[in-house]
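# turn this into a model:
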Amino acid sequence: MGLRSRIITVVVVACSIISLFLSFYITEQVRKLELSSLRTKIDKAAYVMRLVNTRPLYNVDLETLRVNMETFFDDENMKSIAILESDIDINIHLEREFEPGGMDIHKNFYIYYNGLKLGKISVVYSTSLIEKKLAGFRTKMLWFTFSVILVLAIALVFLINALMKPVTNLAEVASEIAAGNLDKEIEENGVGEVGILSRNFAIMRDAIKDKIEDLALTNKNLEGEIRQKILKEKKILHQSMVISSVNTFFQKSMLAESYREIAELFIPIAQAVIPSRYCFVGETDEDRKQVRILAVSDQAREDCEVPGRTEDAKTLSTCTQGICSRIVLDKQAVLINDPTGHPIFFNLPENHIPIDAFMGIPMVLGSDVLGMVAFAGKEKGFTKEDQDAAQMLCVALVEALSLKKQEDDKNRLEEMIVQSEKMVSLGGLAAGMAHEINNPLAGILQNTQVIRNRIQSPIPANLKAAEALNIEFASLNAYMESRDIHKMLDSVMDAGKRAAAIVANMLSFSRKSASGFLPEDLSLLLDQTLELAASDYNLKKKFDFKQIRVERDYDPHLPKTYCKASEIQQVFFNILSNGAQAMFGSDKNSSPTFFMRTYMEKDKICVEIRDNGPGMSEDVRKRIFEPFFTTKAVGEGTGLGLAVSYFIVTENHKGEIEVESREGAGTVFRVRLPMSDQR
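Numbers count the residues shown, from 1 in each chain. Here you go, the predicted model:
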């Protein structure tokens, strides 16, 4: 074997050994990283499984458990997953087949709730897919390295052939070329083999120059492709992170109990995807005139004065100008990394946060805008990718809020149905009781009146009976007066009249009258009821109704509705008198105020009466329409006012009445009546 063959053989063998070693070494390192990542992923999945399945398992919600298990089973590396609780006969098992190869990783853990062991979850992950990917990766590396070795061997052949030629006069040229000087002239006028060699050497030189230029161009194109691939991979990774964050938010929002809690859960998840210093979620009012802060990030709460958790009435800004106008009214996303002097950044509060970069996204549901999500203070500014991620997160937030609203509407409807059924049954009972009480009560009142007439009035019959018994009628009256018998009779009459009023209210549960239904202006009826309440003698004895401030927001285009004006005024009067008593009974309320509003809501006219009183607990709110339920002191209330109001609205007028209240946050009543006569 010649020198040339030995050199080529040694180089090829050495390169092959090194390539094989590197291929298997790199593959093994990648395998370790993949397995480590898989184990970390298993631990995170186990934690999420405990968190998500605790409540359904505790409530024996098989459907939710199965949905949760199928969601986790979407992981392609998961071989099987099972949840077992023999005490309540729960055994859900999902399994898939894998190709031979790889190993199984088992994970078993128990789910606890308040120290109670609920059930066991068993998860098996297979490394078959990882091994398959690694095998393909190893094969590609081997093919690549062997291709490089082959090219290298070919290049060596040409180079060795050139160096081994005993051409003395080309040695200098060869040295120049070896040094990189391809511009040196080569004499091609030689004869014989030398001439052929010179011409071939010149051709080879030119070919090398072309190859170098091609290689430089190829390297440039390759660098561009590599940069594009890196950017694409980063984008895919970012999108995966956004999708994972959306899934996490949905799982957590399912356990939230209010709009505010959903928004507070959203902010840290959104800031993990879009690393900004500040973030807030605002909701619009029904007229889209103002944006109220629903939740803010902790840093924003620390750096400026913003509404806290209980200050729902404060607003961030109006929707008619500036940033909010662009986002809420125009439904446009705003991304500005240099807001200094920008025309839409005006009319900000005095203590607003420092804004050096801003991004706002509208919360759109169909054709409506529920509010906006804003980010501020990101280093180096926000990007288009940040805007896309924020819009995806906003879609998830809107869906979560929409689902919560549907759930609240469902609960409110169920509560109304239960209340209606209760009122119907109590109406029959009240009617029966009222008729049974009415007759003896009438006898008491009539006989009491007769007794008072016979001992007080000096009519001839009374004087004649006293004279027959040798009793002076005036002395008899003086005795009665000194013993307070007249006052006792007056007390009996007052108690009887009060009992008669209670009986009349009870009878109203069973009486439905179709007469008196006329088209009425509810705004006018509400104002008239206010005047009646202000001049009512019984209310004046307890407090001065005129000290209450009244704020009105009436729809000037509100159509009339068919109703019985006297009954609807009775409903308004009961609500106003209860609200006034609650506000004057609170020591902390220095400015009692009624906020009254009328507006259209779909095909119904809505009257809203809000007070700034002490509010009520949830237990009291649920019982507020029950007959004979009252929070007033003994003798001050019968507990029938709101019960009768409920019956008037729902039974006589086919409408709706609801109440919202929280302790320390006032009370709001809403009465909805149909526009047309639906008797």
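
# confirm Ile83 sits in a strand?
Yes - counting by DSSP: H, G, I helix; E, B strand; the rest coil, Ile83 falls inside a strand.

# lowest confidence element among the helices and strands of this structure?
Each helix and strand of the chain was given a mean pLDDT (mean pLDDT, DSSP states H and E); the minimum falls on strand 315-318 at a mean of 47.

# can you count the residues close to Asn59?
Per other Cβ atoms under 10 Å, the neighbour tally for Asn59 reads 11. Bear in mind the C-beta positions are built from the backbone N, C-alpha and C, glycine included.

# give me every residue that touches it.
Not one residue lies near Asn59 by Cβ atoms under 8 Å, 6 or more residues apart in numbering.

# distance check, it against Asp104.
Distance, Asn59 to Asp104, by Cβ to Cβ, to the nearest Å: 32 Å.

# now do Gln569
In terms of Cβ to Cβ, Gln569 sits 76 Å off from Asp104.

# please say which of these two ends up with more neighbours.
Between Gln569 and Asp104, Gln569 has the larger neighbour count (other Cβ under 10 Å), namely 18 against 12.

# contacting residues for the more buried one?
Per Cβ under 8 Å, 6+ apart, neighbours of Gln569: 525, 528-529, 532.

# can you do 6 Å?
525, 529 (Cβ atoms under 6 Å, 6 or more residues apart in numbering).

# do the same with Ile657
646, 649, 671.

# which one of those residues is nearest Gly119?
Gly119 lies nearest to Tyr646 out of the contacts of Ile657, by Cβ to Cβ, at 44.8 Å.

# state the helix or strand in which the closest one lies.
Using DSSP states H and E, Tyr646 falls within helix 641-647.

# in the following helix or strand past that helix, which residues are buried?
For helix 641-647, the succeeding helix or strand toward the C-terminus, using DSSP H and E, is strand 656-661. Residues of strand 656-661 classed as buried: 656-659, 661 (neighbour count, 16 or more other Cβ atoms under 10 Å).

# quick one: least confident of the residues you listed?
pLDDT is lowest at Ser661 among those; the value there is 87.

# what sits against that residue?
Here Ser661 is in contact with 615-616, 621, 667 (Cβ under 6 Å, 6+ apart).

# out of those, who's the most crowded?
Thr667 (23 neighbours).

# list the contacts for that one?
By Cβ under 6 Å, 6+ apart, the contact set of Thr667 is 611, 615, 661.

# ok, Ser23 next?
Residues near Ser23 by Cβ under 6 Å, 6+ apart: 138, 141-142.

# ok now the host helix or strand of it, how far from the chain's centre?
Using DSSP H and E, Ser23 maps to helix 3-58. Distance, stretch centre to chain centre, for helix 3-58: 41 Å (Cα atoms, centre = their mean, to the nearest Å).

# what do you get for stretch 243-251?
Taking Cα atoms, centre = their mean, one finds stretch 243-251 lying 12 Å from the centre of the chain it belongs to.

# got the contact list for that stretch?
The contact list for stretch 243-251 (Cβ under 6 Å, 6+ apart) reads 52, 269, 273, 396.

# among those residues, which are in helices?
Members of the contacts of stretch 243-251 lying in helices (criterion: DSSP state H): 52, 269, 273, 396.

# separation between Phe358 and Thr139?
Counting by Cβ to Cβ - Phe358 and Thr139 are separated by 51 Å.

# what mean pLDDT does the one helix or strand Phe249 maps to get?
When elements are assigned from DSSP H and E, Phe249 belongs to helix 192-253. For helix 192-253, mean pLDDT rounds to 80.

# what ranges does the stretch 451-600 of the chain have for its helices?
In the stretch 451-600 of the chain, the helices defined using DSSP state H, counting those that start in this stretch lie at 460-468, 473-482, 485-507, 522-535, 537-542, 565-584.

# tell me which of the ones you listed sits most buried.
helix 565-584 (a mean of 21; mean count of other Cβ atoms under 10 Å).

# would you put the C-alpha positions of that helix in CSV?
Output of helix 565-584 as CSV, limited to C-alpha atoms (Å, rounded to 0.1, in the frame of the first residue of the first chain):
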residue,chain,number,x,y,z
ALA,A,565,-100.1,51.9,39.5
SER,A,566,-101.2,51.5,43.2
GLU,A,567,-99.6,48.0,43.5
ILE,A,568,-96.4,49.1,41.9
GLN,A,569,-96.2,52.1,44.1
GLN,A,570,-96.7,49.9,47.1
VAL,A,571,-93.7,47.8,45.9
PHE,A,572,-91.6,51.0,45.5
PHE,A,573,-92.8,52.3,48.9
ASN,A,574,-91.8,49.1,50.7
ILE,A,575,-88.3,49.1,49.1
LEU,A,576,-87.8,52.8,49.9
SER,A,577,-89.0,52.6,53.5
ASN,A,578,-86.8,49.6,54.2
GLY,A,579,-83.8,51.3,52.6
ALA,A,580,-84.4,54.5,54.5
GLN,A,581,-84.7,52.7,57.8
ALA,A,582,-81.5,50.7,57.1
MET,A,583,-79.5,53.9,56.2
PHE,A,584,-80.7,55.9,59.3
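
# with respect to Leu476, which of the contacts of stretch 243-251 is nearest?
Using Cβ to Cβ, the contacts of stretch 243-251 come closest to Leu476 at Val52, 85.9 Å.

# what distance do you get for that closest one to Met241?
For Val52, the distance to Met241 - Cβ to Cβ - is 20 Å.

# Leu255: how many residues sit nearby?
There are 13 residues near Leu255, going by other Cβ under 10 Å.

# report pLDDT for the nearest residue to it once chain neighbours are set aside.
Among residues not flanking Leu255 along the chain, Arg55 sits closest, at 7.0 Å (Cβ to Cβ, 6 or more residues apart in numbering). Here, the pLDDT recorded for Arg55 equals 81.

# what does the one 3 residues further on give?
Per-residue pLDDT puts Tyr58 at 79.

# could you find the closest non-adjacent residue to it?
Spatially, and ignoring its direct neighbours in sequence, Tyr58 is nearest to Tyr113 (4.9 Å; Cβ to Cβ, 6+ apart).

# which parts of the stretch 51-200 of the chain are strands?
Ranges of strands within the stretch 51-200 of the chain are 78-85, 90-95, 104-113, 116-126, based on DSSP state E, counting those that start in this stretch.

# the second one: which residues count as buried?
Right, strand 90-95. For strand 90-95, by 16+ other Cβ under 10 Å, it's 90, 92.

# could you do stretch 133-152 as well?
Buried residues in stretch 133-152, defined by neighbour count with 16+ other Cβ under 10 Å: 134, 138, 141-142, 145-146, 149.

# for those, which one is nearest Gln446?
Of all the buried residues of stretch 133-152, Leu134 has the smallest distance to Gln446: 102.6 Å, by Cβ to Cβ.

# right, and that closest one touches Arg31 too?
Yes - here Leu134 reaches Arg31: they are 5.4 Å apart, a contact under Cβ atoms under 6 Å.

# just to revisit the earlier point, between the contacts of stretch 243-251, which is nearest Val492?
Comparing these against Val492 with Cβ to Cβ picks out Val52 as the nearest, at 67.4 Å.

# need the contacts of Ser661 in TSV (columns: secondary structure).
Below are those laid out as TSV (three-state DSSP):
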residue	secondary structure
Gly615	coil
Met616	coil
Arg621	helix
Thr667	strand
